[in-house]
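Enquirer: predicted model follows, preceded by the sequence.
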Amino acid sequence: MERSTTERADTALAHPEAGAPLGDVLDGLPHQRAGHRAASASALASAPVPARAPGRDAPTATATATEPAVAEAAVDGAGAPVRAPRLWELRELFPTPAGTPFTFTYAVVLAAVSVAAAHADPSLVHALHQGSSTDVAHLAVHPMLVLIASALWVAGGITSPYAIGFLLVLTALERRTGGLRAVGVFLLGHMAATLATEVPVGLAVLAGHLPGSSLHRLDYGISFGVATSVGALAGLLSPWLRLPLLTGFGAMLVADLNAFTDPMTEWGHLMALAVGIATWPLVRRARAARAAPEAPVPPAPALA
């Protein structure tokens with residue numbers, strides 16, 4: 001992760017026992033938001049939801065035809081046993097152009113940017129990082145531009161754990177709620193958590209609690225949006241999947257916060273997760289609307 005740091009901040013990071021002030025620690029920290037470990041439970045969270053079994057008025061079902069109903073009952077929290085997904089169903093874990101257009105298109109863009117950054121001149125990449133950073137100075141002048149540009153970077157490249165978590169979580173969320181709602185959840189978390197962490201920095205600089213260089217702290221990545229998507233997806237899962245996902249992901253964020261390597265960003269991750277949990281009523285209604293069968297179109301009246 002590229003970053004320009006001051007000698008004083010480097011000393012604070014290398015020797016935390018020296019008791020450096022918080023302003024000095026914040027001033028030179030790595031604020032890229034995509035370098036954390038992806039929650040391993042996201043793979044469980046993305047299990048595909050099979051089609052609904054025939055209703056009461058349908059012909060008598062065979063044992064094979066009732067298997068999707070058993071799996072869906074477990075996903076909906078009915079407590080029924082869950083069968084293991086078949087090999088050809090594992091493709092539902094990953095985005096496709098037709099099934100998850102938002103996640104697929106976004107993943108292609110992230111992959112292209114990551115490959116280009118890996119082969120470009122490091123000084124050029126660092127300049128692009130600075131230009132797309134959602135720091136206070138940029139937010140005050142070009143807020144929408146940097147909010148969008150900052151979400152085009154994945155620290156560690158396309159093989160990083162957070163990139164894999166992005167694919168699994170966003171694919172599962174889009175398959176259950178639709179592309180527009182998945183976009184809304186991701187952008188809501190990305191923007192809300194960014195503002196929630198950068199506005200206090202600006203106010204602290206005005207109050208004299210942080211140095212002026214904190215207005216230019218590098219801040220970019222997809223992790224706020226992914227954390228919000230994890231929180232939203234948890235609301236669509238059965239309790240035996242929801243609790244481990246939230247517990248594991250939340251514990252990881254708290255551990256990173258206790259490490260005090262980047263407190264503002266880690267608070268942002270927790271805020272983003274809370275934003276995702278707050279969207280449960282919306283995403284649940286969206287899933288119910290997608291699962292409801294379309295009403296039959298009444299036949300046109302016969303002409304006399």
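Expert: Thanks, I have the structure now.
Enquirer: so where's the stretch 51-200 of the chain shaky on pLDDT?
Expert: 51-90 (pLDDT under 70).
Enquirer: helix or strand for residue 137, which one?
Expert: helix 136-141 (DSSP states H and E).
Enquirer: pull out the buried residues from that helix.
Expert: For helix 136-141, a neighbour-count test (16 or more other Cβ atoms under 10 Å) marks 136-139 as buried. No exception for glycine: its C-beta is placed from N, CA and C like everyone else's.
Enquirer: ok, now stretch 226-242?
Expert: 226-238, 241-242.
Enquirer: ok, stretch 174-193 next?
Expert: Neighbour-count burial for stretch 174-193, counted by 16+ other Cβ under 10 Å, picks out 174-179, 181-193.
Enquirer: narrow those to those in helices?
Expert: Secondary structure from DSSP state H places 174-177, 179, 181-193 of the buried residues of stretch 174-193 in helices.
Enquirer: burial count for the closest residue to residue 133 other than its chain neighbours?
Expert: With Cβ to Cβ, 6 or more residues apart in numbering as the criterion, residue 133 has its nearest non-adjacent residue at 4.8 Å, and that residue is residue 218. When neighbours are defined as other Cβ atoms under 10 Å, residue 218 has 23 of them.
Enquirer: quick check, residue 218 in a helix?
Expert: No: going by DSSP: H, G, I helix; E, B strand; the rest coil, the assignment for residue 218 is coil, not a helix.
Enquirer: from memory it sits against residue 135, does it?
Expert: Yes: in this structure, residue 218 is within contact of residue 135 by Cβ atoms under 8 Å, at 6.9 Å.
Enquirer: just to revisit the earlier point, return the member of the buried residues of stretch 226-242 nearest to residue 197.
Expert: residue 227 (12.2 Å; Cβ to Cβ).
Enquirer: wait, is residue 274 part of a strand?
Expert: No: going by three-state DSSP, the assignment for residue 274 is helix, not a strand.
Enquirer: need the CA coordinates for stretch 285-293. CSV is fine.
Expert: In CSV, the C-alpha atoms belonging to stretch 285-293 read as follows (Å, rounded to 0.1, in the frame of the first residue of the first chain):
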residue,chain,number,x,y,z
ARG,A,285,-38.9,-6.5,1.4
ALA,A,286,-36.9,-6.6,-1.8
ARG,A,287,-36.3,-10.3,-1.5
ALA,A,288,-39.9,-11.0,-0.8
ALA,A,289,-40.9,-8.9,-3.8
ARG,A,290,-38.6,-10.9,-6.1
ALA,A,291,-39.7,-14.3,-4.7
ALA,A,292,-43.5,-13.5,-5.0
PRO,A,293,-45.0,-15.0,-8.2
